[in-house]
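> Compute the structure for the input listed below.
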Amino acid sequence: MSLSRLAVKNIAGSLFRSGAVFLCAALVAGLGLAATLVVLGAENSLQANLARMGADLLVFPWGIVNQKAESAHLMSTATQLWMPRADLDRIAQVEGVAAVTPQLYLATLRDSPFSARPELFLMAYEPATDFVVEPWLEQELNGGLGFGEAIAGSYVSAPDGGQAVSVYGYDLKLAGQLQPTGSDLDQSLFVTFDTAQDILRQTEESGLQPFKIAPGSITTAMVKVAMGSDTHDVSVRVMEQVPGVVPIESTGLFQTQRTQMIGLLRTVLIMLGVTWLLSMLFMGLAFSLAVNERRRQIGVLRALGASQTIVLKSLLAESALLAMAGGLAGNLVAILLITPLQAQITRLAGVPLLLPAPVAFLGLILGGLLLALASVTLAAYLPAARISRQEPALVMRE
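Below is the predicted model:
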């Protein structure tokens, strides 16, 4: 008789015990999948909010005096002072700096027909390293911001629903719109550094000199501080290690919000880990009890000539079959319940229940099954190995 047939016979021979183990596996797998989706939705929501909080630290050229810089955390302040782009590498090497991205203030256009505010700020940024501007996009850019394109703040728009604005006679295609931020970002146009150089070239050829760009220069380095690092300590280190710059910390309210969000995110990650850990322990305990209840049956198999290896493999095969069957059933029930009730669960939980893409969803299910199977096999192996090594007569007398 093959191991699979022996395992099936053992399962069929005790339907009550096998059914109880099957239901335990289904319940744990279903609850584990549902909890994982809810927690991942909460984590994605918190990560999105964290990404929108901008920079913890703004680094300006030495000599800047601007009160508005003290409350800025999304964009550079208006200044004609520059610092070399090489300072970015120096800042990135400072202990406690997680990310750094440059911005370059170009010009202020007054009474522009494209802005609902009296001033329109023209800025350059670096899409490849940006963590400040693009998180506020209403829709993600396909392929990123291209040459001759711009991202517009919420107060900036083309007339009559058009797709282009003119800056000093240079036509910029609006590739994306930012959501309202309540800051100067709402009345700004962002272009790439290459587009900024092309605007300058065209204006110089036409005899206009609306602004200047020092070669290889930036006006601000936006800094994100690493999790667990103190912003003030990082600011001091930047001042000590990078000459010719002035680091300015974001407002206390902004720092408090970031600290609270990081705390919530850590709590969510802990919840996810605890959920899976309890699930594995519960399933392992259920299968361990089932194996121990079959001590007399195992003694009979050993007395009939079954080897330790055969007994051990049969127990593990039985555990694996019940774990996989129960896990698949639990996942199926969870999916059938979660999909139509997604909006209601989001409202009750207070966090978005974000269902992943089909391929990612399948990977999540398979990953959970493999994790459950591995934990159950490990939990079943210990008592199964101990019982299979005992003498048949001793096991049968107990």
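
> Just the helices from the stretch 251-398 of the chain, written as ranges.
Secondary structure of the stretch 251-398 of the chain (DSSP state H, counting those that start in this stretch): helices located at 252-292, 295-303, 308-338, 342-349, 358-389, 392-397.

> Confidence-wise, which of the ones you listed is weakest overall?
Least confidently modelled of these is helix 392-397, at a mean of 55 by mean pLDDT.

> domains for this protein, by residue range?
3-49+260-397, 57-249 (automatic domain parsing).

> Redo the ones you listed as TSV? Include mean neighbour count.
(Glycine included, C-beta is placed from N, CA and C.) Listed next are the domains of the chain as TSV, based on neighbours: other C-beta atoms under 10 Å:
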stretch	mean neighbour count
domain 3-49+260-397	17
domain 57-249	17
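
> For A158, list the residues it contacts.
Taking C-beta atoms under 8 Å, 6 or more residues apart in numbering, we find A158 in contact with 114, 164-165, 174.

> got it, and A357?
Contacts of A357 by C-beta under 8 Å, 6+ apart: none found.

> ok, it to L137 distance?
20 Å (C-beta to C-beta, to the nearest Å).

> Tell me the confidence at A12?
pLDDT for A12: 67.

> again but with L15, I slipped
69.

> The closest residue to Y170 other than its chain neighbours: which element?
Once flanking residues are discounted, Y170 sits nearest to I199: 4.7 Å by C-beta to C-beta, 6 or more residues apart in numbering. For I199, the element it lies in under DSSP states H and E is helix 193-205.

> ok, and what's touching that helix?
Contacts for helix 193-205 (C-beta under 8 Å, 6+ apart): 104, 106, 124-126, 147-150, 167-170, 172, 191, 209-213.

> Now the phi/psi pair for L208, please.
With angles defined as degrees, to the nearest 10, L208 sits at phi -90, psi 150.

> From P215, how far off is the residue nearest to it when sequence neighbours are not counted?
Closest residue to L208 apart from its sequence neighbours, by C-beta to C-beta, 6+ apart: Y168 at 5.8 Å. For Y168, the distance to P215 equals 20 Å [C-beta to C-beta].

> Repeat that for A374.
58 Å.

> In which helix or strand does P113 reside?
Per DSSP H and E, there is no helix or strand for P113.

> In this structure it contacts P159, no?
Yes - at 6.5 Å, P113 counts as touching P159 under the criterion of C-beta atoms under 8 Å.

> starting at the chain centroid, how far to stretch 162-178?
Computed by C-alpha atoms, centre = their mean, to the nearest Å, the separation of stretch 162-178 from the middle of its chain amounts to 32 Å.

> Give me the subset of the contacts of A158 lying in helices.
Judged by DSSP state H, helices contain none of the contacts of A158.

> Out of the residues you listed, flag the one nearest to M53.
L174 (25.2 Å; C-beta to C-beta).

> doesn't V167 make contact with that closest one?
No - under the criterion of C-beta under 8 Å, L174 makes no contact with V167, lying 11.5 Å away.

> can you tell me how far L58 sits from D89?
17 Å.

> Low-confidence stretches in the stretch 51-200 of the chain?
Applying pLDDT under 70 to the stretch 51-200 of the chain picks out residues 51, 64-74, 161.

> need the helices for it, in chain order.
87-92, 193-205.

> quick one, which of the ones you listed is nearest to K313?
It's helix 87-92; of the helices of the stretch 51-200 of the chain, that one is closest to K313 (C-beta to C-beta) at 55.2 Å.

> Restricting to C-alpha, output the closest one in PDB.
Provided in PDB are the C-alpha atoms of helix 87-92 (Å, rounded to 0.1, in the frame of the first residue of the first chain):
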ATOM      1  CA  ASP A  87      26.800  68.500  -2.300                       C
ATOM      2  CA  LEU A  88      24.100  65.900  -2.800                       C
ATOM      3  CA  ASP A  89      26.600  63.100  -2.600                       C
ATOM      4  CA  ARG A  90      28.100  64.600   0.600                       C
ATOM      5  CA  ILE A  91      24.700  64.900   2.200                       C
ATOM      6  CA  ALA A  92      23.700  61.400   1.300                       C
END
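
> Which strands and helices lie in contact with it?
Helices and strands touching helix 87-92, by 3 or more C-beta pairs under 8 Å, 6 or more residues apart in numbering; DSSP states H and E, are strand 97-110, strand 220-225.

> ok, now with 6 Å
strand 97-110 (3 or more C-beta pairs under 6 Å, 6 or more residues apart in numbering; DSSP states H and E).

> Going by residue numbers, what spans are strands in the stretch 1-150 of the chain?
57-61, 83-84, 97-110, 119-125, 149-152 (DSSP state E, counting those that start in this stretch).

> List the residues that contact V156.
When contacts are counted by C-beta atoms under 6 Å, 6 or more residues apart in numbering, V156 touches 114-115.

> and P102, bridged to which residues?
A221 (DSSP bridges).

> these two touch, right, it and E126?
Yes - counting by C-beta atoms under 6 Å, P102 does reach E126; the two are 5.4 Å apart.

> The residue nearest to L208 and F211 touch, don't they?
No - look at Y168 against F211 with C-beta under 6 Å: they stay out of range, at 8.7 Å.

> Nearest residue to E149 in space, please, no chain neighbours.
E149's closest residue in space is A175 (C-beta to C-beta, 6+ apart), at 4.0 Å.

> what's the distance between the one you found and I213?
Distance from A175 to I213, by C-beta to C-beta: 22 Å.

> No further queries at this time; thank you.
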